[in-house]
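Student: Return atomic coordinates for the entry below.
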Amino acid sequence: MKCLLMGLLLPLFLLPQKKYYTVGEVLKNARQLTYDSVTVKIKGYITGKVGRSTYLLEDRTAEIRVDIADRFLPGKPFNDKDEVIIEAWVQYEINKPVTLTANRPVTHD
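Tutor: The predicted model follows:
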């Protein structure tokens, strides 16, 4: 009985965790990610604010603009040295820059 239970539960622990994308991967695969309506999860640093709700997100590979609604911003203040985790949809249109739109609260460690 224990072997059967372990056999059934073990695959649940081996499922892959949600993948973190780099900004470079998002830019490279933007068309496919848009069509698949995938929520991407990115670790990076918010380095600036360029509009009312538009921020620059940067990691070691590239920089991208992210639209973050006020309700998704963390309650605790952060700066450009704090790594944040953003879950967002990819916005891709021909002849326009790729952007992200946050669809879950921004978190940081």
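Student: Report the beta-bridge partners for the most centrally placed residue in the chain.
Tutor: Most central in the chain under CA atoms, centre = their mean is K41, positioned 2.6 Å from the mean C-alpha point. Counting by DSSP bridges, K41 is bridged to Y20, E87.
Student: Could I get the pLDDT score of it?
Tutor: Each residue has a pLDDT score; the one for K41 is 95.
Student: Then L73?
Tutor: Model confidence at L73 (pLDDT) stands at 91.
Student: Give the burial count for the residue nearest to it when sequence neighbours are not counted, as a bare number.
Tutor: Excluding its sequence neighbours, the residue lying closest to L73 (CB to CB, 6 or more residues apart in numbering) is V106, at 6.0 Å. (Each C-beta comes from the backbone N, C-alpha and C, glycine too.) With neighbours defined by other CB atoms under 10 Å, the count for V106 comes to 19.
Student: Tell me who's in contact with V106.
Tutor: Contact analysis of V106 by CB atoms under 8 Å, 6 or more residues apart in numbering lists I68, F72, L73, P74, V84, I85, I86.
Student: and what of R104?
Tutor: T39, F72, E87, A88.
Student: Who wins on neighbours among those?
Tutor: Top of the contacts of R104 by neighbour count (other CB under 10 Å): A88, with 25 neighbours.
Student: which residues in the chain form helices?
Tutor: Along the chain, the stretches classed as helices by DSSP state H are 2-13, 23-28, 30-35.
Student: hang on, isn't Y92 packed against T34?
Tutor: Yes - with contact taken as CB atoms under 8 Å, Y92 and T34 are classed as touching, separated by 4.1 Å.
Student: From K41, how far out is Y55?
Tutor: From Y55 across to K41, the span is 16 Å (CB to CB, to the nearest Å).
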